[in-house]
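S.K.: Predicted model and sequence follow; I will ask about them next.
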Amino acid sequence: MGKLLRRVSFVIALVVVSWLAYGPLFAWSPITPGFRTTHTIHAVIRFRDPPGLRVSPEAIEAALVRLQSDLGLDFESSARFLLCDEWTDLARFTPWLRVSHGVGAITLPIGLATYVTPVVRNRDDLLDFLTHEAAHTLLYQHASIRNRLEMERQAWFVEGVAVHFGNPTAYEPRDEFRRASPPDVIRAIDPTANLNQRGVGGFRFSYSADGYFVGYLIEQFGHDRLIAFTRAYVNDPAAYRVEFQHVFGVSFDDALRDLVSLPSESNGSH
């Protein structure tokens, strides 16, 4: 009976480990059947070939180096990208997630792996989306797990820097953004705002607003101050309003009101 129990336990353990290596831990597994792995100084990219990577490793590395300068932080370990050709790939690698088929990529705050979905897998702006997700990874690498989960609740900054420095052209054009009412813009950036008005737009509008707000902060206060805020933010994201006032010299709410009161040509994101 003891031998049988040990054999059964061994078989179960082997099945579980195999399933983990084939699925949730595939991004870190040394064995990757069906996928190629390409390394750069700051990235590990896994993809099927064909269809191949479609963007040069050198371009990815250059984008990550620029991102370090943009945010004033250094990658502490490689950013990991796993390119999914089918939605079944994403379900295999992240079986606990229920992801909308409109999502282009997702970066896990725990594990720090980025999964690129079929929506953008073969698009010409794939590099921009990789840069966007790498911004999340770079922020998360400098935060504790508890702070990463807190940051997930603050899209205004986490998504704002990712959009501004990664892929601003993938979201609402300036002309469409300018037509939105000030309450809708404020609500999109700060969901806690009590404006007694239902917000408009989905995540595309919210991401656009976040990106424009980060652009506004750089234009109004300078890139150096954004970097100073970033370094303070990753240490205590829950205190972002206090640190915002300290770094920029204005309150978070006043900055939002100023953003929506500016002439349209000043509401910038690059």
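M.R.: Cool, the structure landed. Residues are numbered from 1 along each chain as shown.
S.K.: Low-confidence stretches in the stretch 1-150 of the chain?
M.R.: Under the criterion of pLDDT under 70, the regions of the stretch 1-150 of the chain flagged as low confidence span 1, 4, 8-11, 13-17, 19-20.
S.K.: So which residues of it form helices?
M.R.: Using DSSP state H, counting those that start in this stretch, the helices of the stretch 1-150 of the chain run over residues 2-22, 57-71, 87-93, 126-141, 145-151.
S.K.: Compare the ones you listed and give me the one nearest residue 46.
M.R.: With respect to residue 46, and counting by Cβ to Cβ, the nearest of those is helix 87-93 at 9.9 Å. Every C-beta, even on glycine, is put in place using the N, C-alpha and C of the backbone.
S.K.: quick one on the thing from earlier: most tightly packed of the helices of the stretch 1-150 of the chain?
M.R.: Sort the helices of the stretch 1-150 of the chain by mean neighbour count, taking mean count of other Cβ atoms under 10 Å, and helix 126-141 sits at the top with a mean of 24.
S.K.: orientation of that helix relative to helix 57-71 in degrees?
M.R.: Between the axis of helix 126-141 and that of helix 57-71 there is an angle of 50 degrees, by axes from the mean of the first three to the mean of the last three Cα atoms, to 10 degrees.
S.K.: Pull the residues that contact helix 126-141.
M.R.: Judged by Cβ atoms under 8 Å, 6 or more residues apart in numbering, the contacts made with helix 126-141 from elsewhere in the structure are 43, 54-55, 59-60, 63-64, 67-68, 71, 73, 75-77, 79-81, 104-107, 109, 112, 114, 116, 120, 123, 148, 151, 158, 161-163, 165-167, 169-170, 230, 234.
S.K.: what do you get for stretch 226-245?
M.R.: Residues external to stretch 226-245 that are found in contact with it (Cβ under 8 Å, 6+ apart): 71-73, 139, 142-143, 147, 150-151, 154, 157, 161, 214, 217-218, 246-248, 250-252, 255.
S.K.: low-confidence ranges in the stretch 151-270 of the chain?
M.R.: Counting by pLDDT under 70, the ranges of the stretch 151-270 of the chain that qualify are 194-201, 262-270.
S.K.: How many residues are close by residue 219?
M.R.: Using other Cβ atoms under 10 Å, residue 219 is surrounded by 15 other residues.
S.K.: Report the buried residues of the host helix or strand of it.
M.R.: Secondary structure from DSSP states H and E places residue 219 in helix 203-221. Of the residues in helix 203-221, 205-218, 220-221 count as buried by neighbour count, 16 or more other Cβ atoms under 10 Å.
S.K.: Any of the contacts of helix 126-141 buried? List them.
M.R.: With neighbours counted by 16+ other Cβ under 10 Å, those contain buried members at 43, 55, 60, 63-64, 67, 71, 73, 75, 79-81, 104-107, 109, 112, 114, 116, 120, 148, 151, 158, 161-163, 165-167, 170, 230, 234.
S.K.: Inside strands: which ones of the residues you listed?
M.R.: The strands, defined by DSSP state E, take in 43, 79-81, 105-107, 114, 116 from the buried ones among the contacts of helix 126-141.
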